Structures are given as structure tokens and as C-alpha cells.
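Engineer: Take a look and give me a structure for this.
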Amino acid sequence: MLAAAAIGAVGVLLLVQTLSKSPTPPASTTPQYAPAQTPTPLIGGRYRDHGDGTVTDVQTGRQWMRCALGQIWQGGTCIGKAKEYSWQAALDAANALNHQGGYAGYRDWRVPTIEELLTLVYCSSGQPKTWNDTGKLCEGDYERPTIYQPAFPNTPMPIVGFFWSSSPSAPNAGVAWLVDFYYGSGHAFVKGNFGAVRLVRGEQ
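Structural biologist: Numbers count the residues shown, from 1 in each chain. Below you'll find the predicted structure:
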């Protein structure tokens with residue numbers, strides 16, 4: 001009985017020693033991923049805020065300055081008064097800005113075409129469309145200026161209620177297209193008149 005007990009004890013000891021000398025299992029080769037970060041919500045479900053005074057319209061892919069030229073992006077809003085330009089002076093101002101170093105790290109800013117500028121028109125009444133790129137007046141009970149103000153705060157109006165586009169009016173060399181953000185519509189206007197400018201970059 002004692003001999004059997006001794007043999008049993010020796011067997012247990014050998015088993016423990018064998019297990020303790022077993023090789024360590026290799027580390028898992030399964031990639032370890034950090035938890036995905038929740039993307040910043042879009043402004044109005046449409047504009048991605050870059051935190052530098054610009055937003056990108058995810059529907060068009062174009063990047064816009066949040067302020068009109070002459071205003072300064074500061075503390076999450078546009079400060080100061082928008083400058084007024086004739087049509088040619090607006091085009092020259094965009095070129096000058098690019099030559100002087102650009103804005104938000106880019107040097108390809110330009111005055112938008114009339115089609116691009118109309119994509120910014122926002123009719124809070126939903127009439128004739130909420131995102132009213134038709135060129136027609138907003139209708140019903142709507143807020144002014146007719147632009148999505150959380151994305152483009154302190155948009156000037158009504159003294160400077162319109163913004164120049166780069167699009168000339170084909171029938172008349174002295175006329176170019178603009179958007180009136182007081183009413184939300186597009187018009188052709190004499191190039192010598194003065195209006196505000198909001199620059200864009202991206203595919204033309």
C-alpha cells in the first residue's frame with residue numbers, strides 16, 4: 001500500500017513538471033483593431049465640417065468657404081462685414097487670394113459657377129424645394145437668408161443680399177449671373193454692380 005502510494009505521488013509530480021515545461025502557446029495572430037471612431041455628424045445632413053472655416057457638400061463633393069470674402073472665421077462663426085466686389089473684381093480677388101497663399105491649405109479657390117452657387121440655396125419652407133437649385137424664388141413662409149445658416153453663419157443680407165457667380169450671361173457681355181440669398185433665386189445682373197463673394201474649390 002505504501003509503495004503504491006509512493007508511486008502515485010511520483011507520477012503526479014512528474015505530470016506537474018511536464019505541464020510546467022510545456023511550451024507557451026503562440027500569441028494570437030488575429031489582428032487587433034482599435035474601436036472605430038464615430039464620424040462627426042454632417043451639418044444639415046449635407047455638409048462635412050473640416051474645422052478650418054470650410055465645409056464640403058457631400059452631395060456635390062465641392063468644398064466651400066463658410067464665410068464671404070472680407071469676413072473672418074473665428075470662434076465657430078463668421079466675424080466682420082463682407083466685402084463688395086464688381087464681377088471682374090470678384091474674379092481677381094479669388095486669383096489674388098490663391099497667389100497670396102490660399103486658404104485652409106489650398107490654392108485653387110475660385111468664384112463658383114451659377115449652377116454651383118444655386119446648390120447652396122435653402123428654402124426652409126420646402127417650396128419649391130428645400131435645397132432649391134431651380135433658380136426660382138423660395139415660396140411660402142421661409143427664413144432669410146435662404147442658405148443653411150448653421151453651415152454658413154452670418155451670411156450678409158439684405159444690403160449685400162446677392163453673391164456673384166463666375167458665369168457670364170451669354171446674350172450680353174456686360175451681364176453675369178448671381179444668386180440673391182434674400183429670395184433664393186438666380187438673376188442676371190450688370191457686371192459693374194457690387195455683390196458679395198463666397199469661394200469654392202473642387203470639380204468644375
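
Engineer: residues contacting V175?
Structural biologist: V175 makes contact with P168, S169, A188, F189, V190, K191 under the criterion C-beta atoms under 8 Å, 6 or more residues apart in numbering. The C-beta positions use only the backbone N, C-alpha and C, and glycine is treated the same way.

Engineer: same thing but at 6 Å, please
Structural biologist: Neighbouring residues of V175 by C-beta atoms under 6 Å, 6 or more residues apart in numbering: S169, A188, V190.

Engineer: quick one, helices of this protein?
Structural biologist: 2-20, 87-99, 114-118 (DSSP state H).

Engineer: So for the last one, what gets flagged as buried?
Structural biologist: Right, helix 114-118. By 16 or more other C-beta atoms under 10 Å, the buried positions in helix 114-118 come out as I114, E116, L117, L118.

Engineer: Can you tell me which of those is nearest W64?
Structural biologist: E116 (9.0 Å; C-beta to C-beta).

Engineer: any idea what sits nearest that closest one, other than its immediate chain neighbours?
Structural biologist: Take E116 and drop its neighbours on the chain: the residue closest to it by C-beta to C-beta, 6 or more residues apart in numbering is V200, 5.9 Å away.

Engineer: just checking, the one you found touches R66?
Structural biologist: No: applying C-beta atoms under 6 Å as the test, V200 and R66 come out as separate, 11.5 Å apart.

Engineer: show me where pLDDT drops low in the chain?
Structural biologist: 1-39, 158-161 (pLDDT under 70).

Engineer: which residues of it fall in strands?
Structural biologist: Assigned strands in the chain, in chain order: 47-49, 54-57, 63-65, 72-74, 77-79, 162-168, 175-180, 185-190, 200-201 (criterion: DSSP state E).

Engineer: Would you convert the ones you listed into JSON lines that also reports distance to S86?
Structural biologist: Formatted as JSON lines, these follow (distance: least, C-beta to C-beta, whole Å):
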{"stretch": "strand 47-49", "distance to S86": "29"}
{"stretch": "strand 54-57", "distance to S86": "25"}
{"stretch": "strand 63-65", "distance to S86": "20"}
{"stretch": "strand 72-74", "distance to S86": "22"}
{"stretch": "strand 77-79", "distance to S86": "22"}
{"stretch": "strand 162-168", "distance to S86": "9"}
{"stretch": "strand 175-180", "distance to S86": "10"}
{"stretch": "strand 185-190", "distance to S86": "9"}
{"stretch": "strand 200-201", "distance to S86": "19"}
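
Engineer: Out of those strands, flag the one nearest R144.
Structural biologist: Nearest of the strands of the chain to R144, taken as C-beta to C-beta: strand 175-180 at 10.4 Å.

Engineer: Could you spell out the sheet neighbours of that closest one, each with its direction?
Structural biologist: Counting by DSSP bridges, the strands paired with strand 175-180 are strand 162-168 (antiparallel), strand 185-190 (antiparallel).

Engineer: Tabulate those strands (CSV), appending distance to F152 and mean neighbour count.
Structural biologist: Conversion of those to CSV gives the following (distance: least, C-beta to C-beta, whole Å; neighbours: other C-beta atoms under 10 Å):
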stretch, distance to F152, mean neighbour count
strand 162-168, 10, 23
strand 185-190, 17, 18
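
Engineer: With that, I have no additional questions.
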